[in-house]
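> just a sequence and a predicted model for now, questions to come.
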Amino acid sequence: MINGADYIIASFDNISDVYDVESFEYDKNGNRTKLIQNGDVYYSTYGVNNRLLKVEVKKKDTTTKRIFTEYIYDGNGNTTKRIITKDDGQKDTIDFAYDTMNRLTRTLENGKITEYSYDNAGNRLIKKTDKKLTVYLRHGQIAVAMDLEVNLLDPTSDVGSINRYVLSGDLLAGRLTTTFKTDGTKETTKFYYHLDHLNSTKCVTDKDGKLDVMYEYRAFGEELKKLGNGDAKYTYGGKELDDGTNLYYFNARYYDATIGRFINVDPVQDGVNWYGYCGNNPLNAVDPTGLKVLVQAHNVTKKNQHASFRIVPENQKYWVEHKEYGKYFIKGADGKYYATIGAGPTKGLQIIPESSKLNAGINRSRDADLVNVPKIEEKEIKLGKQKEDDVISNMFKLEQNYEKQSNNKIDYDLFPNKKGDGYNSNSFVKGLGEATGLEMPKLDSNVPGYDKPVPKQYFEPSQESNKQVVK
């Protein structure tokens, strides 16, 4: 069941003739305040910036005392400690450590240490526990092409294994597992993955069609039931559930399905709640690591900001390999491919002569390098009913129309609202967005010209757009 805010408020699962029932309540920021799960009631309280502070469980069994889970954060909003106080008063504590890029690098739980290493794009390369070393080889930014597991301590177990994954786009389709025995022999087994509409693994079968393992999940991804002795490894949302922490690795962040939240903030810091998952609608959506069309602004003078577009496609493989537009996509530090669209004066900002014109471009250096420039503001644009591929295609086409028809023709003015003559980069961004049919967000930063969009005609391949704007 979904409420008016598109939040899931109830879910029902019939597993082996036993109903699993959940109902949810939220505050105005989309924080889950109450969960009733098969009679057990979970109450959540929050602090500043929507940080979850405490979850208190009142069991259906009245003889059981309340159980508490408390969370502590660092200055960047990363969860640094999770403390579970059990019915008998005993406490289970897990500590989280991060690097300067807010990536989880180390966990400590009951004396057991797990360490994580990443590549320059932010993809996890290594996971190491006291017993096992796992090395990952990725295909693009989403899927894992291969992982290698080495047993470090147990001399009686297999030496290790290599999993080679067969991909359909960025989705798992199959796996070849080669296990290395202590006697020097090896064995390779073939498996097939069967996914649901959320790209979660429902079941895995062997080459003969026999069931290896099957999974059922609660609404927010908790493993409800597992049948079979196998291990898919990549389960809910196609992500890996780490032992010990019970967190799913979602590339840029780690997700706790028991609370339906990430343990660290959205790197893009989009929207009101930076910890939320799928807009609290996980039955119909996946984590928005998919398409983002963003308007972002950074300083060009002490008091004024320059706006541009950053496009992050959901279908990364399709756009990176696109015959016409694939050349524009750049791999960012987070492993996602993106492209930028923006505009600026032909003569530069230091001294803008009367003859300066407003010229547009894809991946202009001042825009494409924004990953490494402090951003004053960044807002995601809602696509409405438009399909993402159509939006991306239209934006590129309209930008190219502008380059062909309007570059070197429209007068540039740093403050068009004051003089009322030309346009500037912020005018271009607002105009291109409106020409694409997007509802452009209101920006809080100082972006002169944003409220004076370049007219739609200058993005169309017509003779009208050849006319110079007259002061």
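The structure has been received and is ready for your questions.
> shouldn't L53 be in contact with Y71?
Yes - assessed by C-beta atoms under 8 Å, L53 is found in contact with Y71 at 6.0 Å. Quick note: C-beta positions are derived from backbone N, CA and C, even for glycine.
> the more surrounded of those two?
More crowded of L53 and Y71, by other C-beta atoms under 10 Å: Y71, with 20 against 14.
> tell me how far the more buried one lies from Y254.
13 Å (C-beta to C-beta, to the nearest Å).
> where's the closest residue to N38 other than its chain neighbours, which helix or strand?
The shortest distance from N38 to any non-neighbouring residue, by C-beta to C-beta, 6 or more residues apart in numbering, is to V21 (5.8 Å). If you go by DSSP states H and E, V21 is part of strand 18-26.
> how about E434, phi and psi?
When read as degrees, to the nearest 10, the backbone of E434 gives phi -70, psi -40.
> so it versus G47, what's the distance?
In this view, E434 and G47 are 39 Å apart by C-beta to C-beta.
> tell me which of those two has more neighbours.
A side-by-side neighbour count of E434 and G47, using other C-beta under 10 Å, places E434 first with 16 against 11.
> make sure the more buried one is actually in contact with K456.
Yes - with contact defined as C-beta under 8 Å, E434 counts as touching K456 (6.7 Å).
> what's opposite D256 in the beta bridge?
Beta-bridge pairing for D256 (DSSP bridges): R261.
> ok, E56 - contacts?
Y42, Y43, S44, T45, R66, I67, F68 (C-beta atoms under 8 Å, 6 or more residues apart in numbering).
> give me the below-cutoff pLDDT ranges for the stretch 351-471 of the chain.
Counting by pLDDT under 70, the ranges of the stretch 351-471 of the chain that qualify are 351-355, 368-379, 384, 417-420, 462-471.
> please enumerate the strands of it.
According to DSSP state E, counting those that start in this stretch, the stretch 351-471 of the chain carries its strands in the segments 358-362, 377-380.
> which residues does the longest one contact?
Contacts of strand 358-362 with the rest of the structure, by C-beta under 8 Å, 6+ apart, involve 328, 339-346, 367, 396, 399, 402-403, 406-408, 410-412, 422-425, 427-428, 432, 454.
> in helices, which of those residues fall?
D367, F396, E399, Y402, E403, S425, S427, F428, L432 (DSSP state H).
> quick one: stretch 429-438 to chain centroid distance?
On the basis of C-alpha atoms, centre = their mean, to the nearest Å, stretch 429-438 sits 24 Å off its chain's mean C-alpha point.
> would you mark the buried spots in it?
V429, K430, G431, L432, G433, E434, A435, T436, L438 (16 or more other C-beta atoms under 10 Å).
> re the thing from before, show me what the strand holding V21 is packed against.
strand 10-15, strand 32-37 (3 or more C-beta pairs under 8 Å, 6 or more residues apart in numbering; DSSP states H and E).
> let's see 10 Å
strand 10-15, strand 32-37, strand 40-46, strand 223-227 (3 or more C-beta pairs under 10 Å, 6 or more residues apart in numbering; DSSP states H and E).
> how near is the nearest residue to T85 once chain neighbours are set aside to L52?
Excluding its sequence neighbours, the residue lying closest to T85 (C-beta to C-beta, 6+ apart) is F68, at 4.3 Å. F68 sits 12 Å away from L52, going by C-beta to C-beta.
> overlap in contacts of these two?
Counting by C-beta atoms under 10 Å, 6 or more residues apart in numbering, F68 and L52 have no shared contacts at all.
> in terms of neighbours, single out the busier of the two.
Remark: of F68 and L52, L52 carries more neighbours, 22 against 14, as counted by other C-beta under 10 Å.
> who touches that one in this structure?
With C-beta under 10 Å, 6+ apart, L52 has these contacts: 31-32, 44-46, 69-71, 73, 79, 82, 256, 259, 261, 263, 275.
> how about K190?
K190 touches R164, V166, G174, R175, L176, T177, T205, D206, K207, D208, counting by C-beta under 10 Å, 6+ apart.
> before we move on, what SS does the third one have?
On the three-state scheme (DSSP: H, G, I helix; E, B strand; the rest coil), G174 is labelled strand.
> just the endpoints, please. Distance across stretch 246-255?
With C-alpha to C-alpha, to the nearest Å as the measure, stretch 246-255 spans 9 Å from end to end.
> list the buried residues in that stretch.
Buried-residue list, stretch 246-255, by 16+ other C-beta under 10 Å: L247, Y248, Y249, F250, N251, A252, R253, Y254, Y255.
> for the last one, which non-adjacent residue is spatially closest?
The spatially closest residue to Y255, leaving aside those adjacent along the chain, is Y248, at 4.4 Å (C-beta to C-beta, 6+ apart).
> show me the beta-bridge partners of the one you found.
So, taking DSSP bridges as the rule, Y248 has L241, Y255 as bridge partners.
> right, I'll call it a day here.
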